[in-house]
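*Asks:* Attaching a predicted model along with its sequence, questions to come.
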Amino acid sequence: MKFESALDGLLAKDNDILSPRIRSLILELRDEWRMLDQKIEALNAEFVLLAKHNSAMRRLTSIPGIGVLNATALVAAIGDASSFQHARDLGAWLGLVPRQFTTGGKARLLGITKRGNTYLRTLLVHGARAAMHTLSQSDAPIGQWLRAMLSRGVERNVVIVALANKLARIAWAILRKEQPYDRTYGVAVN
């Protein structure tokens, strides 16, 4: 990392830029930082091992945009998804659906509701952002759906949140029906 090498370079120099007390504090903080990095690596390895041995997590990681961290968080939060009668209920619980404001018989859709599990919603949005480019170029139905939304001029961030909602719905189906992900499964193109 650039910062870490610059910090090592600064600490290696024998100069008067840093007082002895500041130098020792920075050395302590750097050691603590490295220890935290090691803990993070150990936890990530534990998540990978857990996902490898859990059939639900293995099925979830086959979905584009859902990695080991997303799969473990999904299974920890919703289990086998039996708490949700429909896939759209999971999307609503995660806050990935537009807020609706109705007055005088006119319905207006606002931004997402942001209810539910903030951490899981954030993971799904980041996963959707990472997978969007690859998925939008694929010939799978989800790629056609993404291209249709983008060609209609829908704002990129709106498309990303819609994709996160779609991924949550796919995850619900995979957990609920205990079947593997099928990329050829149709997605309704609006």
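*Replies:* Yes, it's here.

*Asks:* Check what contacts whichever strand or helix holds L60 and list those residues.
*Replies:* Per DSSP states H and E: L60 is located in helix 55-61. With Cβ atoms under 8 Å, 6 or more residues apart in numbering as the test, helix 55-61 has contacts from 50-52, 66-68, 70-72, 74-75, 80, 171, 174-175, 178-181. C-beta here means a position set from N, CA and C on the backbone, and glycine is covered the same way.

*Asks:* next helix or strand past that helix?
*Replies:* Past helix 55-61, the next helix or strand by DSSP H and E is helix 68-78.

*Asks:* Just the CA trace of that next one, in CSV.
*Replies:* The C-alpha coordinates for helix 68-78 follow below in CSV (Å, rounded to 0.1, in the frame of the first residue of the first chain):
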residue,chain,number,x,y,z
VAL,A,68,-18.6,-14.9,0.4
LEU,A,69,-19.2,-11.9,2.7
ASN,A,70,-22.6,-11.2,1.2
ALA,A,71,-23.6,-14.9,1.4
THR,A,72,-22.6,-15.3,5.0
ALA,A,73,-24.4,-12.1,5.9
LEU,A,74,-27.5,-13.2,4.0
VAL,A,75,-27.6,-16.6,5.7
ALA,A,76,-27.0,-15.1,9.1
ALA,A,77,-29.7,-12.5,8.7
ILE,A,78,-32.5,-14.5,6.9
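
*Asks:* Name the surrounding residues that touch it.
*Replies:* With contacts defined as Cβ under 8 Å, 6+ apart, helix 68-78 is touched by 44, 47-48, 50-51, 54, 56-57, 60-61, 66, 84, 90, 117, 119-120, 123-124, 127, 171-172, 175.
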